[in-house]
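Undergrad: Just the structure for this:
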Amino acid sequence: MVRLLRHLLIPDWVARRAFPAAALEKIFQAISGSERLHRGEIAFAIEGGLPPRLASLPCRRRAEQLFGELGVWDTEENIGVLIYVQLVDRDIEIVADRGIARHVAQNDWEEICQAMEADFRKGEFVQGALHAIERVTMLLARHFPAEGANRNELPDRPRVM
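TA: From the prediction side, this is the model:
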């Protein structure tokens, strides 16, 4: 009930203040640079308040839903990663496609989320996002290094839902 009230009472624009246009541009640049180093695809989604019909969904479930809606699962090698930021809940989830899950433990993703949440608690939203992208990049480059023509299958711009 408290969660539903937060989503109803906190205006979306208030939640999104942490990611102004300049911050979104830095995230875009980081993702674009990252994807030159590996074959994976990184999607970054930021969501403020959820509509009442979605407010009861656990954050992980919402991230999995967006993973499908944004087509992150639909890369040629099944090596897409979604970094999902739920601003009202102050929660972060990383959902990795099945091709990555065979190589990277869930614990690695959780550590990245926890570090990002720690940066967010200090008000360092952009730095937290950039550090997370850097750590995801290292994992993807280790397991899926770039080879030949490395085509970009998903948009690199962060999506504000």
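
Undergrad: chain center to stretch 49-58: distance?
TA: 18 Å (C-alpha atoms, centre = their mean, to the nearest Å).

Undergrad: Next: stretch 30-46.
TA: 10 Å.

Undergrad: which residues does Arg159 contact?
TA: The neighbours of Arg159, taking C-beta atoms under 8 Å, 6 or more residues apart in numbering as the test, are Ala43, Phe44, Ala45, Ile46, Leu70. All C-beta spots, glycine's among them, are computed from the backbone N, C-alpha and C.

Undergrad: and it, what are its bridge partners?
TA: Ala45 (DSSP bridges).

Undergrad: Need the mean per-residue confidence for the helix or strand harbouring Ala23.
TA: For Ala23, the host element (DSSP states H and E) is helix 21-34. Averaging pLDDT along helix 21-34 yields 97.

Undergrad: for stretch 46-65, same thing?
TA: pLDDT averaged over stretch 46-65 gives 88.

Undergrad: which residue packs closest to the residue most central in space within the chain, ignoring adjacent ones?
TA: Centroid-nearest residue in the chain, with C-alpha atoms, centre = their mean: Ile83, separated by 1.3 Å. Computed as C-beta to C-beta, 6 or more residues apart in numbering, the closest residue to Ile83 that is not its neighbour in sequence is Phe44, at 4.9 Å.

Undergrad: was I right about that neighbour contacting Pro158?
TA: Yes - counting by C-beta atoms under 8 Å, Phe44 touches Pro158, with 4.0 Å between them.

Undergrad: any residues in contact with both of these two?
TA: Joint contacts of Phe44 and Pro158 (C-beta under 8 Å, 6+ apart) are Ile27, Ile31.
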